[in-house]
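Engineer: With the sequence up front, the predicted model follows.
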Amino acid sequence: MLIPYQMLEADTLTRLLEDFVSRDGTDNGDETPLVTRVERARKALLKGQALIVFDPESQQCQLLLKEEVPREWLQEQD
């Protein structure tokens, strides 16, 4: 299920992005400060390059590049 970032309160979105960019395996040895990584993720959302995906089974959110999202999910959004 896609979650439009605009539906989230600003603080909630920031916490979600902080959680995502600080998960194991997302930094790949990147020493960039957390705030910079959060802003990169936020810009990707704003540009439509990334989307927030919620999995009801696991109750987890992920940030995926648009091309990683199943096409049928994108069509449902239109």
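Structural biologist: Received it, and whenever you're ready, just let me know what you need.

Engineer: and the residue nearest the centre of the chain, what does it touch?
Structural biologist: Nearest residue to the geometric centre of the chain (C-alpha atoms, centre = their mean): Leu63, 2.6 Å. Counting by C-beta atoms under 8 Å, 6 or more residues apart in numbering, Leu63 touches 16-17, 20, 41, 44-45, 50-53. From N, CA and C alone the C-beta is placed, and that goes for glycine too.

Engineer: Kindly give the local confidence score, pLDDT, for it.
Structural biologist: Per-residue confidence (pLDDT) for Leu63: 93.

Engineer: which one is it nearest to, not counting chain neighbours?
Structural biologist: Leaving aside its sequence neighbours, Leu63 sits nearest to Phe20 (C-beta to C-beta, 6 or more residues apart in numbering; 4.7 Å).

Engineer: number of nearby residues for Pro70?
Structural biologist: Around Pro70 there are 11 other residues, counting by other C-beta atoms under 10 Å.

Engineer: next one: phi and psi at it?
Structural biologist: Backbone geometry at Pro70, expressed as degrees, to the nearest 10, gives phi -60, psi 140.
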